[in-house]
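**Student:** Got a sequence here, can you build the structure:
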Amino acid sequence: MDDKIHPNYKIAAYLIFAAIGVDLINGFIQKQNNPAFDITVLAEVSLMFLTFGYFAFIGKEWIKWVLLLATILTIFPVVAALNQPANNLNLLYASQFFSSLLKFSAFTLLSLASMKK
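**Tutor:** Below is the predicted model of the structure:
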């Protein structure tokens, strides 16, 4: 079964896992800066993307469309950051942008891969 999975699916899974790591770091930074930040939302979103990474790792073709939708929804905080003056942009927004870039790169790799080698 493993030999039928395109190598891009494994790379995309690792990109998703890296994006989760960045998101977790963002959450802990945000928790320190804003005590009202709900850490359970961070845990739920991280578990959701871990599931996406797992399905990409085992080669499910449909995951690219789910990942695209989820990536589009996670870009909204980055768009909100663009409305701020340049001197107010901080590490949190830069890392959110990097996380979204990792997720979109995973979608691109999944889109370029066919299920057959």
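**Student:** When you work out contacts or count neighbours from here on, use the C-alpha atoms and nothing else.
**Tutor:** Will do.
**Student:** Would you mark the buried spots in the helix or strand that V45 is a member of?
**Tutor:** Secondary structure assignment for V45, by DSSP states H and E: helix 39-57. Buried residues in helix 39-57, counting neighbours by 16 or more other CA atoms under 10 Å, are found at L42, V45, S46, F49, L50, T51, F52, G53, Y54, F55, A56, F57.
**Student:** just those residues now: which is nearest F107?
**Tutor:** F107 lies nearest to A56 out of the buried residues of helix 39-57, by CA to CA, at 9.8 Å.
**Student:** need the contact list for K31.
**Tutor:** Applying CA atoms under 8 Å, 6 or more residues apart in numbering to K31 gives the contacts F37, D38, I39.
**Student:** please redo it, this time with the cut-off set to 7 Å
**Tutor:** K31 is in contact with F37, counting by CA atoms under 7 Å, 6 or more residues apart in numbering.
**Student:** now the angle from the strand or helix carrying it to helix 39-57?
**Tutor:** Counting by DSSP H and E, the element that carries K31 is helix 7-33. Angle of helix 7-33 versus helix 39-57, following axes from the mean of the first three to the mean of the last three CA atoms, to 10 degrees, is 170 degrees.
**Student:** so how far is helix 7-33 from its chain's centroid?
**Tutor:** 6 Å (CA atoms, centre = their mean, to the nearest Å).
**Student:** Enumerate the positions of it that are buried.
**Tutor:** 7-20, 22-24, 26-27, 30.
**Student:** Provide the count of other residues in contact range of A70.
**Tutor:** If you count neighbours by other CA atoms under 10 Å, A70 ends up with 18.
**Student:** cool, P35 as well?
**Tutor:** Neighbour number of P35 under other CA under 10 Å is 9.
**Student:** where does it land on pLDDT?
**Tutor:** Listed pLDDT for P35 reads 76.
**Student:** cool, and the one 10 residues further on?
**Tutor:** According to the model's per-residue confidence, V45 sits at a pLDDT of 81.
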